[in-house]
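> Sequence below, structure please.
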Amino acid sequence: MFKRLLAPIDLSEPEMTKQGVDAALEFARLFDAQLHLLNVQTIMPVLMFDYVPAGFDERLRETIEQELAELAARIDFPKDRLSTQLRFGAVYPEVLAEAEDWGADLIVLCSHRPTMATYLIGSNAKTIVRHAKCSVLVVRR
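The predicted structure follows:
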């Protein structure tokens, strides 16, 4: 049924990352699917570039790609069916773009329980569910 699973992960939230990856792995094994891990890093405002060392953005990219590779190496799943991707931008537009670019037929993501702030400013999970062109599974903590 599902052959291409996209799992957006937040490396700064290890518990949520584990829970989201575990759920995605269950589905990937069940459907003998490919699993694609995605991390989205927000873009630093131009005004901040005067306050960071030269080459900061490249070092950040290398560090995050290394973290993704280490996470993928620890996952017990066939390496020919597991891939990673790093994108820069706002979370939900990049997740939706990657899902479309990669041809995902299921997005599996972990989300916090809604709070009052979520209702006032919205959430990435809500927007991904609303606008995704494929199925979305939201795993709650």
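
> And Phe77, its phi and psi?
The phi and psi torsions at Phe77 (degrees, to the nearest 10) take the values phi -160, psi 140.

> Against Leu6, how distant is it?
14 Å (Cβ to Cβ, to the nearest Å). All C-beta spots, glycine's among them, are computed from the backbone N, C-alpha and C.

> more crowded one of these two?
When neighbours are counted by other Cβ atoms under 10 Å, Leu6 comes out ahead of the other of Phe77 and Leu6, with 28 against 15.

> that's a strand at the more buried one, yeah?
Yes. Under DSSP: H, G, I helix; E, B strand; the rest coil, Leu6 falls within a strand.

> That one bridge partners, please.
Here Leu6 sits in beta bridges with His36, Ile107, going by DSSP bridges.

> roughly how far apart are the residue lying farthest from the centre of the chain and Met44?
Largest separation from the mean C-alpha position in the chain: Asp50, at 29.0 Å (Cα atoms, centre = their mean). Distance, Asp50 to Met44, by Cβ to Cβ: 11 Å.

> Equivalent analysis for Ala33, please.
Look at Ala33 and Met44: by Cβ to Cβ, they are 34 Å apart.

> higher neighbour count, the two?
Ranked by neighbour count (other Cβ under 10 Å), Ala33 and Met44 place Ala33 first, with 19 against 14.

> contacting residues around Thr63?
Going by Cβ atoms under 8 Å, 6 or more residues apart in numbering, Thr63 touches no other residue.

> now the helix or strand containing it: how far from the chain's centre is it?
Assigned by DSSP states H and E, Thr63 falls within helix 56-74. Mean-position distance between helix 56-74 and its chain equals 13 Å (Cα atoms, centre = their mean, to the nearest Å).

> Likewise for stretch 129-141?
Going by Cα atoms, centre = their mean, where stretch 129-141 is centred and where its chain is centred differ by 12 Å.

> list the contacts for Pro65?
Not Pro; residue 65 is Glu. If you count contacts by Cβ under 8 Å, 6+ apart, Glu65 has them with 84, 86.

> any idea how far it lies from Lys79?
Going from Glu65 to Lys79 by Cβ to Cβ gives 16 Å.

> Could you count how many residues lie near the closest residue to Gln34 other than its chain neighbours?
Closest residue in space to Gln34, ignoring its immediate chain neighbours: Arg81 at 4.8 Å, by Cβ to Cβ, 6 or more residues apart in numbering. Per other Cβ under 10 Å, the neighbour tally for Arg81 reads 16.
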